[in-house]
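Engineer: please work out how this folds:
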Amino acid sequence: MPVIDSLRLLHAANADPEFRIAARHWDAALRIDAGAETHLLQVRAGEVVEADPAAAFSYDVRIAAPPETWDEMLAAVPRAFYHDLFAAAARHGLVLEGDTEAYYPALRRLLELMRAVANA
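Structural biologist: Numbering: from 1, shown residues only. Next comes the predicted model:
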């Protein structure tokens, strides 16, 4: 079973008003790596228009961590410093690449949706 279910995440993000507002001006290819597992989400004006659980070599933003870190981050109630992308980057080796600061509210909400999907 994959660590991240990109298709369910696509549906959760598009059904979530908070994500749609935070990402309304965001056009990007978002690559998410969980060890050898790679996902590409295409975001266009607040909508995730594509979710591809295949290798994605061209991206604007990348979030990468080992599966064990993702397991901790996607827990229903994550432990300290696994609750947030910047905290996990500072303490647990999560990698953030690209323009993560400009659309951090959208990325933060996407992490919350990933957590909800993982614990549904």
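
Engineer: contact partners for Glu47?
Structural biologist: Contacts for Glu47 (Cβ atoms under 8 Å, 6 or more residues apart in numbering) come out as 14, 20, 23. (C-beta placed from N, C-alpha, C; glycine too.)

Engineer: now do Glu97
Structural biologist: When contacts are counted by Cβ under 8 Å, 6+ apart, Glu97 touches 61-64.

Engineer: got the buried residues for the least confident helix or strand in the chain by mean pLDDT?
Structural biologist: Ranking every helix and strand in the chain by mean pLDDT, DSSP states H and E puts strand 47-52 at the bottom, with a mean of 89. By neighbour count on 16 or more other Cβ atoms under 10 Å, the buried set for strand 47-52 is 47-48, 51-52.

Engineer: repeat for stretch 36-49
Structural biologist: 38-43, 46-48.

Engineer: which two in the residues you listed are spaced the farthest apart?
Structural biologist: Greatest spacing in these, by Cβ to Cβ: Thr38 and Gly46 (23.5 Å).

Engineer: so which elements touch whichever strand or helix holds Leu107?
Structural biologist: Per DSSP states H and E, Leu107 falls inside helix 104-118. On a contact count with 3 or more Cβ pairs under 8 Å, 6 or more residues apart in numbering; DSSP states H and E, helix 104-118 meets helix 6-14, helix 17-22, helix 67-73, helix 85-91.

Engineer: could you list the residues in contact with the shortest one?
Structural biologist: Looking back up the chat, that one is helix 17-22. With contact meaning Cβ under 8 Å, 6+ apart, helix 17-22 is reached by 13-14, 46-47, 103, 105-106, 108-110, 113.

Engineer: of all these, which comes closest to Ala34?
Structural biologist: Ala34 lies nearest to Leu110 out of the contacts of helix 17-22, by Cβ to Cβ, at 14.0 Å.

Engineer: for Pro105, grab the count of nearby residues.
Structural biologist: 14 (other Cβ atoms under 10 Å).

Engineer: how far away is the residue nearest to it when sequence neighbours are not counted from Arg62?
Structural biologist: Leaving out its chain neighbours, the residue that sits closest to Pro105 by Cβ to Cβ, 6 or more residues apart in numbering is Ala22, at 4.1 Å. Counting by Cβ to Cβ, to the nearest Å, the separation of Ala22 from Arg62 is 19 Å.
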